[in-house]
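# Need the 3D shape of this:
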Amino acid sequence: MQTSRDEAFLDLLYRAAVEPELWVPAMERFADMLGGSGAWLSRLSMADGSGTGLVSRIDPDMEKPYDQYYGRLNPFSNASDPEAFMAGWRPTILTDRDWLEPDVLERQEYFNDFMRPQDIRSVMMIRLEACGLEISSLTINRPRFGDPFGRPEIARARRYQSHIRRAFRLTEILSDSGLAEDDLESRHGKRGEAVFLLDDEGRVRHLNLAAQRLLTKRNDIRVIGGVLTAPGDSSGQLEALMKGAGGRPFGGRSGGSMTLRTGEAQAPLSIMVAPALSDRMAVFQQKPAVIVCVTEVDSVNDVHLTTREQEALTWVAEGKSDWEIAVILGLSETTVRFHVDNARKKLGAVNRAQAVARLVTGRYH
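As a prediction, the model looks like this:
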């Protein structure tokens with residue numbers, strides 16, 4: 001049963017999925033709920049610690065020294081064998097003590113010269129998503145003189161992890177779906193997802209171009225009488241998820257995911273359902289809504305290049321050598337080669353030239 005505190009946080013969180021500027025207050029609210037101080041929503045490479053992030057209650061002036069030096073010292077985001085590490089990656093919740101014993105961490109340059117000046121003693125990392133060599137996480141900090149994060153805080157965070165992961169993924173999907181510009185009908189999603197915006201009773205308000213195309217090519221996901229349905233879903237799972245996201249019948253909006261398999265002739269559909277709300281965007285009409293994102297599991301559009309992979313391969317397309325790319329991106333040559341080769345594998349290319357050709361022709365997202 002959701003408490004009023006739960007509902008207030010989840011309402012803010014799912015608003016942030018639609019209005020990314022609300023991620024900072026959502027992160028602050030979550031940090032307070034865990035007895036934390038600052039928060040960092042990051043996407044970091046396990047090869048060299050590089051990446052991007054959104055900070056809250058953390059000194060923004062520390063971003064530059066992290067990028068220039070401390071990133072490669074980050075003990076929580078550098079693996080000796082990145083590929084092996086990622087092969088065993090799971091969306092778990094970890095603390096600094098799962099990585100290093102306290103006395104070992106306290107001898108690290110990263111701790112003494114980067115964490116300590118920011119009054120950070122203990123961290124909790126809520127893993128959200130992995131792609132290539134990059135991991136997206138929400139990290140919550142505790143000050144130096146506070147108790148380390150323990151089991152009660154981990155259990156509390158676990159209650160919200162699926163919601164945070166869902167909201168994070170929605171932010172990525174909707175950032176280029178057209179929804180953010182009240183033009184949902186005319187744009188593709190960044191990852192090719194079909195995006196349906198429903199009212200709280202399952203009636204379709206808006207759908208993007210990918211959703212329109214999905215409805216014309218598939219018979220296992222349909223709009224009947226204005227309501228989104230899956231005729232082959234004998235268990236009624238999709239209907240239940242949409243009702244839950246709409247707050248029916250018991251109140252307290254939720255979300256969830258499912259895979260719809262309706263026969264060997266058609267690829268399975270990966271479906272994510274989540275509540276959403278926005279006071280700013282006219283497309284929501286200032287009312288609670290339900291967002292349904294649908295992807296064909298084996299679609300070519302499922303190929304996703306990380307930021308580093310796209311950057312490295314783009315410079316390859318410009319004729320730059322690995323050494324030149326390393327200088328441009330501030331990485332090692334080994335890391336550059338790794339990112340380029342990982343992009344090549346994802347694109348199903350036999351060599352760099354073919355990978356560049358597929359990049360140029362848009363056979364990625």
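
# So Ser137 sits against Ile126, correct?
Yes. When contacts are counted by CB atoms under 8 Å, Ser137 is listed as touching Ile126 (6.1 Å). For the C-beta atoms, the positions are set from N, CA and C on the backbone; glycine is no exception.

# And the strands in the stretch 1-150 of the chain, which stretches?
Assigned by DSSP state E, counting those that start in this stretch, the stretch 1-150 of the chain shows strands spanning 39-45, 51-56, 93-95, 122-131, 134-142.

# Same list (those) but as JSON lines, adding mean pLDDT and mean neighbour count.
Listed next are the strands of the stretch 1-150 of the chain as JSON lines, based on pLDDT from 0 to 100; neighbours: other CB atoms under 10 Å:
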{"stretch": "strand 39-45", "mean pLDDT": "93", "mean neighbour count": "24"}
{"stretch": "strand 51-56", "mean pLDDT": "90", "mean neighbour count": "17"}
{"stretch": "strand 93-95", "mean pLDDT": "96", "mean neighbour count": "19"}
{"stretch": "strand 122-131", "mean pLDDT": "92", "mean neighbour count": "21"}
{"stretch": "strand 134-142", "mean pLDDT": "94", "mean neighbour count": "25"}
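
# Identify whichever of those lies nearest to Trp323.
strand 39-45 (18.9 Å; CB to CB).

# Please identify the pairing partners of the closest one and their relative orientation?
If you go by DSSP bridges, strand 39-45 pairs up with strand 51-56 (antiparallel), strand 134-142 (antiparallel).

# Work out the gap between the longest one and the centre of the chain.
Computed by CA atoms, centre = their mean, to the nearest Å, the chain-centroid distance of strand 134-142 equals 12 Å.

# helix/strand/coil for Asp200?
coil (DSSP: H, G, I helix; E, B strand; the rest coil).

# how much space between the nearest residue to it once chain neighbours are set aside and Arg90?
Distances taken as CB to CB, 6 or more residues apart in numbering place Gly246 nearest to Asp200, at 3.5 Å, with adjacent residues excluded. Using CB to CB, to the nearest Å, Gly246 is found at 31 Å from Arg90.

# Contact partners for Gly35?
Residues near Gly35 by CB atoms under 8 Å, 6 or more residues apart in numbering: 142, 146, 153.

# let's see 7 Å
Applying CB atoms under 7 Å, 6 or more residues apart in numbering, we find Gly35 in contact with 142, 153.

# Low-confidence bits of the stretch 1-150 of the chain, can you list those?
Applying pLDDT under 70 to the stretch 1-150 of the chain flags residues 1-2.

# Was I right to think Ala31 contacts Leu138?
No. Here Ala31 does not reach Leu138: they are 9.4 Å apart, not a contact under CB atoms under 7 Å.

# Could you tell me which residues touch both of the two?
Ala39.

# With distance to Arg358 as new columns, can the strands of the stretch 1-150 of the chain be given to me in TSV?
TSV is the format used below for these (distance: least, CB to CB, whole Å):
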stretch	distance to Arg358
strand 39-45	22
strand 51-56	24
strand 93-95	35
strand 122-131	17
strand 134-142	20
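
# now stretch 150-158, how far from the centre of its chain.
Centroid separation between stretch 150-158 and its chain, computed with CA atoms, centre = their mean, is 21 Å.

# what does it rub up against?
Stretch 150-158 is contacted by residues 33-35, 93, 124, 126 when judged by CB under 7 Å, 6+ apart.

# if you set the cut-off to 8 Å instead, what comes out?
Counting contacts by CB under 8 Å, 6+ apart, the residues touching stretch 150-158 from outside are 33-35, 93, 95, 124, 126, 140.

# For Ser80, state which of those residues is nearest.
The closest of the contacts of stretch 150-158 to Ser80 turns out to be Thr95 (CB to CB; 20.9 Å).

# got the contact list for that closest one?
Counting by CB under 8 Å, 6+ apart, Thr95 makes contact with 122-125, 148-149, 154.

# Between those residues, which sits nearest Glu324?
For the contacts of Thr95, the nearest to Glu324 is Met125 (34.0 Å; CB to CB).

# Contacts only, for the closest one.
Contacts of Met125 by CB under 8 Å, 6+ apart are 76, 93-95, 137-139.

# burial count for Glu63?
Neighbourhood size, Glu63 [other CB atoms under 10 Å]: 13.

# how far away is the residue nearest to it when sequence neighbours are not counted from Leu347?
Take Glu63 and drop its neighbours on the chain: the residue closest to it by CB to CB, 6+ apart is Val55, 7.3 Å away. Remark: distance between Val55 and Leu347 (CB to CB) = 33 Å.

# Tell me, how many residues neighbour the closest residue in space to Ala79 that isn't next to it in sequence?
Leaving aside its chain neighbours, Ala79 sits nearest to Phe85 (3.8 Å; criterion: CB to CB, 6+ apart). Neighbourhood size, Phe85 [other CB under 10 Å]: 16.

# same thing with Arg205?
By other CB under 10 Å, 16 other residues sit near Arg205.

# likewise His206?
Neighbour number of His206 under other CB under 10 Å is 18.

# Kindly confirm my reading that it is in a strand.
Yes. The assignment for His206 by three-state DSSP puts it in a strand.

# So in this protein, which helix runs the longest?
helix 151-174 (DSSP state H).

# orientation of that helix relative to strand 134-142 in degrees?
Using axes from the mean of the first three to the mean of the last three CA atoms, to 10 degrees, the direction of helix 151-174 lies 140 degrees away from that of strand 134-142.

# Okay, buried residues for helix 151-174 please.
In terms of neighbour count (16 or more other CB atoms under 10 Å), helix 151-174 has its buried residues at 153-154, 157, 160-161, 163-174.
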